[in-house]
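J.: Predicted model and sequence follow; I will ask about them next.
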Amino acid sequence: MAANIFRIPSEIIEHALTLCHPHDVASFSQTCRKALRLVYGSPDQYLWRQLFLLFPFDNPLQVSSPSQEDGQFNWRKELHRRMEAQSIARRTSSTLEDLLTVIETFISVVRSAAPVTWGYERVSSPNLLWVVEVLQSTNMLRSPLLFSQEGDQSLARLRAYLALTLDEYDDDDVEGKERLKSIRMRSRCQVYDLRNYHQNNDWGPFNVTAGEVDWTHIESIINVVSMNLSDRPHDWPDTRPRYGLEATRAYSAPGTTALATGDWAGIEGHWRRYVCFMDYRRGQQDSAYFDTPNFEEVVRLVELKLTLIDAQAIPEVYMLDRFPDSPYKHYPTLYFTGSSWGIQGNEATVVGSVAMSEGGVVRWRFASIVNSHIQWSSEGVQIGGIASAFGVIGAWTGIRHDHRPFWLYKVEDDHPIYMQALANN
């Protein structure tokens, strides 16, 4: 049978194979030596490139990142890795090692999603659609094997990207309610434990080692802020951050598909920032404290407008450490200033910087200045790609280092205003 097929020109056979599922192509290769050579022996990888793009997945060569190599991409190896991850996720029994490998693959797929381009802002990424479909259809993230991996950075990073979008529940779902209640308590313990903030981690959501992002802390901040906003549906209802995998795409923030020259991070424009805090005067609390009626958490909305400035224009009052010079020529460290309006319309000057760190993670550092003194300082991480709609997640603090979580995200220029309107009245 296979021998008869090869009476057809190999180019036509190869084209026909591009219309098949990768698993079927692999099965075809096992029918005879000619089939094996056709599938795996071609040096140009045309077949595997077509299989990859028609699956479909985003074209990885269209993704620009500091760590990207010079156009080299192994189409067959990467497609095989993704198909293997999908197979493992769908198994009824998998090892913990296999599940953690799958999570690494999913993170890689999310990070290689194509950036949003002008005119195609509403076109979803095939990469991200695939990850969501696999996770929803398999419920893999609720595997009992992962319950013991709460401190795993890769698992926390994937859950941070998802931002509880796979943890929604119906009114009669008692198990779902209890699960979110447990997540909220654990997240509050992480976020409001002052022992998690110190000079060695820049007073922010970072590990002591090499200043790497602490994704368990980032996930906890996202959980705390998002659940607080969910509890307040009538407070600033038309001002909410975007979240989920689509919001992690590069240049998905409003107005960033056509950035001004030099503003690679999409800094200039209007922003909104949610900050949360609790009363630290009660001292360090154990986890049970967050599950009592006495616990109160405050949420505030802050509105900002930011503009780029030269490094030499940073005012002397700005005493925060500056990021080291960027090793990436296309992503130099940027500096900005602007104004912020908080409760009762109180205005402050904002000064800060944005840097591309190793591993392609964008870091933000800024201060709020009132009466020529730094009132608050903030350390944050851009979630996902450059200028993502998801925005920046981090911690803010005063001189007493009583740290609190924040979520900063970009909005359209005509976005509704609340705080600034108070200042104008």
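T.: Here it is on my side, so go on. Numbering: from 1, shown residues only.
J.: What segments of this structure are strands?
T.: For the chain, strands defined by DSSP state E occupy the ranges 269-277, 298-309, 334-341, 347-356, 362-370, 373-382, 392-397, 404-411.
J.: Tell me the strands beside the shortest one, with direction?
T.: Strand 392-397 has its sheet partners listed here by DSSP bridges as strand 373-382 (antiparallel), strand 404-411 (antiparallel).
J.: Mean pLDDT lowest where, among those strands?
T.: Here the strands paired with strand 392-397 differ in mean pLDDT, and the lowest is strand 373-382 at a mean of 93.
J.: returning to what we had before: can you tell me which of the strands of the chain is nearest to residue 198?
T.: The closest of these to residue 198 is strand 392-397. By CB to CB, the value is 11.2 Å. Quick note: C-beta positions are derived from backbone N, CA and C, even for glycine.
J.: would you put the C-alpha positions of that closest one in PDB?
T.: The C-alpha coordinates for strand 392-397 follow below in PDB (Å, rounded to 0.1, in the frame of the first residue of the first chain):
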ATOM      1  CA  VAL A 392       2.500  45.600  36.200                       C
ATOM      2  CA  ILE A 393       2.200  43.600  39.400                       C
ATOM      3  CA  GLY A 394       4.200  44.600  42.500                       C
ATOM      4  CA  ALA A 395       4.500  46.000  46.000                       C
ATOM      5  CA  TRP A 396       4.500  49.500  47.300                       C
ATOM      6  CA  THR A 397       5.800  50.800  50.700                       C
END
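J.: between that strand and strand 298-309, how many degrees?
T.: 110 degrees (axes from the mean of the first three to the mean of the last three CA atoms, to 10 degrees).
J.: what angle sits between strand 392-397 and strand 362-370?
T.: Using the same axes, to 10 degrees: strand 392-397 against strand 362-370 is 40 degrees.
J.: Residue 17 and residue 29 touch, don't they?
T.: No - if you go by CB atoms under 8 Å, residue 17 and residue 29 don't touch, sitting 9.3 Å apart.
J.: intersection of neighbour lists for these two?
T.: Shared contacts of residue 17 and residue 29 (CB atoms under 8 Å, 6 or more residues apart in numbering): 38-39.
J.: out of the strands of the chain, nearest to residue 208?
T.: With CB to CB, the closest approach to residue 208 among these belongs to strand 373-382: 14.0 Å.
J.: Next, the angle strand 347-356 makes with that closest one.
T.: Per the same axes, to 10 degrees, the angle that strand 373-382 makes with strand 347-356 is 40 degrees.
J.: How many neighbouring residues does residue 170 have?
T.: Residue 170 has 7 neighbours, counted by other CB atoms under 10 Å.
J.: Would you agree residue 352 is in contact with residue 367?
T.: Yes - the criterion here is CB under 8 Å, and residue 352 meets it with residue 367 at 6.4 Å.
J.: More neighbours: which of these two?
T.: residue 352 (24 against 21).
J.: Dig out what that one forms beta bridges with.
T.: Counting by DSSP bridges, residue 352 is bridged to residue 336, residue 366.
J.: From residue 244, how far out is it?
T.: Noted for residue 352: a distance of 27 Å to residue 244, by CB to CB, to the nearest Å.
J.: again, but for residue 258
T.: From residue 258 over to residue 244 the distance is 24 Å, taken as CB to CB.
J.: repeat for residue 324
T.: In this structure, residue 324 and residue 244 are 33 Å apart, going by CB to CB.
J.: Give me the below-cutoff pLDDT ranges for the stretch 151-300 of the chain.
T.: Low-confidence segments of the stretch 151-300 of the chain (pLDDT under 70): 209-211, 260, 280-287.
J.: What ranges does it have for its helices?
T.: 153-162, 174-191, 215-230 (DSSP state H, counting those that start in this stretch).
J.: residues contacting residue 361?
T.: Neighbouring residues of residue 361 by CB under 8 Å, 6+ apart: 213, 381-382.
J.: got a winner among these for most neighbours?
T.: Among those, residue 382 has the most neighbours (other CB under 10 Å), with 26 neighbours.
J.: unless I'm mixing things up, that residue is touching residue 389, no?
T.: No - Residue 382 is beyond contact range of residue 389, at 10.6 Å (criterion: CB under 8 Å).
J.: who touches both of these two?
T.: Common contacts of residue 382 and residue 389 (CB under 8 Å, 6+ apart): none found.
J.: In stretch 305-322, which residues are buried?
T.: Residues of stretch 305-322 classed as buried under the neighbour-count rule (16 or more other CB atoms under 10 Å) are 306, 308-309, 314, 318, 320.
J.: so which two of those are the farthest from each other?
T.: Maximum pairwise distance among those (CB to CB): 17.5 Å, between 308 and 320.
J.: End to end on stretch 290-305, go ahead and measure it.
T.: Terminal residues of stretch 290-305 are spaced 34 Å apart (CA to CA, to the nearest Å).
J.: Can you give the contact residues for that stretch?
T.: Identification of contacts with stretch 290-305 by CB under 8 Å, 6+ apart yields 181, 184-185, 188-189, 192, 224-225, 228-229, 232, 235-236, 239, 269-279, 289, 338-343, 350, 408, 417-420.
J.: With distance to residue 153 added, can I get the contacts of residue 361 in TSV?
T.: Shown next, in TSV, are those (distance: CB to CB, whole Å):
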residue	distance to residue 153
213	8
381	13
382	17
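J.: Tell me the gap between stretch 231-239 and the middle of its chain.
T.: Chain-centre distance of stretch 231-239: 23 Å, with CA atoms, centre = their mean, to the nearest Å.
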